[in-house]
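S.K.: could you look at this predicted model? Sequence included:
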Amino acid sequence: MPRKRSHETRRVLRVLLDAPSEEVYGLQVTRAAGLTAGSAYAILRRLRDEGLLAGRWEQIDAAAQGRPPRYFYRLTAEGRRVAQRETAPEQSALRSLMPGWAAR
Amino acid sequence: MRLRDKAPTRGYLRAQYRYAAQFRAEVSPSSDLLQTTSDSQGEWIRLDLLDEETKRGRRRLAERIVHPRAGDEVGLRLSRWLRTPLAQLGRGRRGPTSASVDPPALALRLFSREDAAHYAREWGAHLWELVAGGEHRQARRDRRRMALSAPWLALQLRTRALLRRRLRSPR
């Protein structure tokens, strides 16, 4: 039986599912999900440990760019399946409220 | 009269509920409520869980010295002062009467040094972007939630889930 995930985790999954093929970094997720950094990073770490997210360090010349590299996350195939399953109830609720509404 | 000596009136329980809610919300990884001290060789860590700052200073809710090994989970038992209102809160809720709510222990997970270094670097980039964007207040707030001063001591608290579970289904 799949484990029940917290509301905050579902928000993070929703953000990641909005652009499943794109890579996002922690601050983006924090802002888009409306969570505190402490919660968002803990959730990202847990999802990565579960294999639902893959991560990589940005390859840049920090001195030339004038900023430190970011750590990017993206959904794995399994992560996408789980995210779709976890966010399905709210998708269906939104569809019933707004018949023309469809997730990206 | 100290707050904990009051009879458990509805107002008292509400106040304690607010306290518990605040506690759940604010004890996050590396929260300033969780103070860590270690020796220079990193052979031990003292974990102090502190009360909110009051005029009388900060009260220690739990204290433990641990010898860190990555992946270890460390239990902390909260002081009676916090357990009592939680137990009363449990009794004040619907459902089976609770004779006692177990002390909501904290589970702290110690990260490996490598993992902690990774998160310190990631958080460093996070803070850098906030500061570069002029969000100094947010950066300060987030900084307090981090353990960059001692990155390998990064800790994970499961307090929120534990307390929530206790409050939802008191035994």
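M.R.: Nice, I can see it.

S.K.: so what's the residue count around the residue in chain A that chain B sits nearest to?
M.R.: Of all residues in chain A, A:Gly38 sits closest to chain B, at 3.6 Å by C-beta to the nearest C-beta. For the C-beta atoms, the positions are set from N, CA and C on the backbone; glycine is no exception. Residues lying near A:Gly38 (other C-beta atoms under 10 Å in any protein chain shown) number 23.

S.K.: could you pull out the helices for chain A?
M.R.: With helices called from DSSP state H, chain A shows them at A:7-18, A:26-33, A:37-49, A:62-65, A:77-97.

S.K.: against A:Arg67, how distant is the residue nearest the centre of chain A?
M.R.: Among the residues of chain A, the one closest to the centroid is A:Leu16, at 3.0 Å (C-alpha atoms, centre = their mean). Going from A:Leu16 to A:Arg67 by C-beta to C-beta, to the nearest Å gives 23 Å.

S.K.: next one, pLDDT for the residue of chain A closest to chain B please.
M.R.: At A:Gly38, the model reports a pLDDT of 73.

S.K.: any idea what sits nearest the residue nearest to the centre of chain A, other than its immediate chain neighbours?
M.R.: A:Leu75 (5.1 Å; C-beta to C-beta, 6 or more residues apart in numbering or on different chains).

S.K.: now A:Gln28
M.R.: A:Val15 (8.0 Å).

S.K.: residues of chain A that sit close to chain B?
M.R.: A:6, A:25-27, A:30, A:36-39, A:41-42, A:45, A:67-71 (C-beta under 8 Å from any C-beta of the partner chain).

S.K.: buried ones among those residues?
M.R.: Among those, the ones that count as buried by 16 or more other C-beta atoms under 10 Å in any protein chain shown are A:25-27, A:30, A:36-39, A:41-42, A:45, A:68-71.
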